[in-house]
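Undergrad: Generate a structure from the sequence data that follows.
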Amino acid sequence: MDAEELLRRYRAGETDFQRANLAQITLTGADLVGIDLMQASLHRANLILSYLNQADLRGANLHQALLRGANLSQSSLKDAILREADCHAATMQGASLFGADLALADLSDTNLIETDLREADLSGANLTGACLRSANLRTERRGTPVNLRGAILAGVDLRGANLSGASLVRVNLQGANLEEANLREVDLREADLSGANLRGALLTDVNLFQANLAGADLSNSNLKGVDLQRANLQQAKLTGATLTEANLAGVMMQRAQMFQVRLNRANLSRANLQGADLRGASLIGANLARTDLTSANLTEANLTKAEISSAILLQTVLKETVMPDGSTRTSR
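TA: Model prediction:
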């Protein structure tokens, strides 16, 4: 079927084009709102700037298709093949991409707000500048986790997105917006989150082993019990964050902003906290064995029952600090 025949039949009111062979068809700027292309072959089709709102593309083959600037909002792309597709600046708001193959696809600057991306394969995809606010990427019980291995997520907007249970090992999220995102049980080992916004994010049981969080904003975030061993948190913003029982052994936190942070029973052994702002911090029962607190500010901090006997306290500010024995330090 060629483009002329398809458009003629569509304009006559026909919408059912299931399993049609439309490989390499050119439909640039075509108005195909609500069309049914379930399991159709659209391999290398040119759909640039086309209108495919509310289209049924379940199981369709869009391998290497051109979808730049196309409108696919509210469309169903469940189990569709979009491998190596060019979706730059496309609108997919509210679309279902459950189980879709988006490996190596160009999704840069794409609108993916409120999309369903559960079980999707996004390995190697370029999501630079994409907006995924309130998108659903969570892992269902007994379901397949969304695959983001090797994906480029620098500067992506994931505010309020649900990524619970996802694997983001070594993923580049530099400068990404993850404010209020659900990152419960997400694997972020060795991920690059430098400069990322994680304010108010849910980070319960997340794995941040050796992650790069330099300059990241984690203000008011919940990191209770999180594994941050050997992570880089230099100059990170942690004001008001909860790190109770977190593992921060060997962490680099030079000049980190930790005003009123909660670190009760946290493991900070051998951590580097040089110049860190820990004013008003709660470190009750924390392990600070061999922790470097050189020039750190612990004014009005609470160190009740904390282990600091081998900590480095060179030029550390301990004004009005509650010491491990319960006494209050009145001078520096």
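Undergrad: shaky segments in the stretch 201-332 of the chain?
TA: Residues of the stretch 201-332 of the chain meeting the criterion pLDDT under 70: 331-332.
Undergrad: Helices of that one, start to end?
TA: Remark: no helices are assigned in the stretch 201-332 of the chain by DSSP state H, counting those that start in this stretch.
Undergrad: domains for the chain, by residue range?
TA: With domains defined by automatic domain parsing, the chain comprises 1-129, 223-332.
Undergrad: So for residue 195, which of those domains sits nearest?
TA: Distance to residue 195, taken as CB to CB, is lowest for domain 223-332 among the domains of the chain, at 9.7 Å. Yep, even glycine has a C-beta here, placed from its N, CA and C like the rest.
Undergrad: okay, the domains of the chain in a markdown table with mean neighbour count next?
TA: As requested, the domains of the chain are arranged in a markdown table below (neighbours: other CB atoms under 10 Å):
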| stretch | mean neighbour count |
| --- | --- |
| domain 1-129 | 21 |
| domain 223-332 | 21 |
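Undergrad: what about those domains, which gets the closest to residue 144?
TA: For the domains of the chain, the distance to residue 144 is smallest for domain 1-129, at 4.6 Å, taking CB to CB.
Undergrad: so residue 271 touches residue 254, yeah?
TA: No - if you go by CB atoms under 8 Å, residue 271 and residue 254 don't touch, sitting 9.9 Å apart.
Undergrad: Dump the domains of the chain to JSON lines, plus distance to residue 159.
TA: Converted to JSON lines, the domains of the chain look like this (distance: least, CB to CB, whole Å):
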{"stretch": "domain 1-129", "distance to residue 159": "10"}
{"stretch": "domain 223-332", "distance to residue 159": "17"}
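Undergrad: Quick one: closest of the ones you listed to residue 182.
TA: Closest to residue 182 of the domains of the chain is domain 1-129 (CB to CB; 13.1 Å).
Undergrad: Span of the closest one from start to end?
TA: 36 Å (CA to CA, to the nearest Å).
Undergrad: what about that domain, average pLDDT?
TA: Mean per-residue pLDDT for domain 1-129: 97.
Undergrad: wait, which of the domains of the chain is closest to residue 160?
TA: Per CB to CB, nearest to residue 160 of the domains of the chain: domain 1-129, 9.5 Å.
Undergrad: Can you give the distance of the closest one from its chain's centre?
TA: Mean-position distance between domain 1-129 and its chain equals 24 Å (CA atoms, centre = their mean, to the nearest Å).
Undergrad: I'd guess residue 5 is in a helix, am I close?
TA: Yes - assessed with DSSP: H, G, I helix; E, B strand; the rest coil, residue 5 lies in a helix.
Undergrad: Please name the residues that touch it.
TA: By CB atoms under 8 Å, 6 or more residues apart in numbering, no residues touch residue 5.
Undergrad: Adjust the sequence numbering to begin at 13 for everything that follows.
TA: Done: numbering now begins at 13, and the last item shifts to residue 17.
Undergrad: any idea how far it lies from residue 56?
TA: Distance, residue 17 to residue 56, by CB to CB, to the nearest Å: 19 Å.
Undergrad: Surely residue 18 touches residue 38?
TA: No - in this structure, residue 18 is not within contact of residue 38 by CB under 8 Å, at 10.7 Å.
Undergrad: who touches residue 127 in this structure?
TA: Contacts for residue 127 (CB under 8 Å, 6+ apart) come out as 104, 105, 106, 107, 108, 109, 144, 147, 148.
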